[in-house]
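Q: sequence below, structure please.
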Amino acid sequence: MNLREWHASLPEREQRVVVWGAAAAAVLLGAGLVWKLGDAVASAEQRVARRREDLAFIEAATPRLQAAPAARPGESLAIAVDRIAREGGLSQSLAGVEPASPGAIRARFTAASFDALAVMLVRLQQERGALVETASVSRTAAPGLVDATVVLRGN
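A: From the prediction side, this is the model:
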């Protein structure tokens, strides 16, 4: 017995109940799909907004990075971290630079501007080829400021 035969075998009143129930289910299913689609669009809009903010930051930081002086010959990585931190306005936040392992140093920052810290790490990578081996960053009570410990490896 197929669906049409089953429906035809029902009394007229039950046939109407089945038709109205199917219509209600179709309407609810359509509404649910529209709702999910709206959520997906809102989520995509938020991702696009975050990406635009990231792009604006990168575009704002690019001239500062391009204008940065090149690495100085014979300068150690620890001295380069100190110099670039001072040039980037992080001298008060730089809590210490110490050896972490052979060829690597650990730099600690307290209440440092996250943006300035990111620019400093990019400069170290560009000027010295220094790579971030590990990083631990935690926010502070002040917006935009972080406490960070970064282990850098490079020349």
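Q: wait, is A95 part of a strand?
A: Yes - judged by DSSP: H, G, I helix; E, B strand; the rest coil, A95 forms part of a strand.
Q: what is the burial count for it?
A: When neighbours are counted by other C-beta atoms under 10 Å, A95 registers 14. Placement of C-beta: from N, CA and C, glycine included.
Q: distance check, it against A111.
A: 9 Å (C-beta to C-beta, to the nearest Å).
Q: L121 is in contact with V150, correct?
A: Yes - counting by C-beta atoms under 8 Å, V150 does reach L121; the two are 7.1 Å apart.
Q: now list whatever residues contact both of those two.
A: Common contact partners of V150 and L121 (C-beta atoms under 8 Å, 6 or more residues apart in numbering): V132.
Q: please enumerate the strands of the chain.
A: Under the criterion DSSP state E, strands of the chain are mapped to 94-101, 104-113, 131-139, 145-153.
Q: quick check: mean pLDDT of the shortest one?
A: Per-residue pLDDT over strand 94-101 has a mean of 92.
Q: now R128: closest residue in space, sequence neighbours ignored.
A: Distances taken as C-beta to C-beta, 6 or more residues apart in numbering put G154 closest to R128, at 4.9 Å, once the chain neighbours are dropped.
Q: and the one you found, what does it touch?
A: Applying C-beta under 8 Å, 6+ apart, the residues near G154 are 77, 103, 124, 128-131.
Q: I appreciate the help and will end here.
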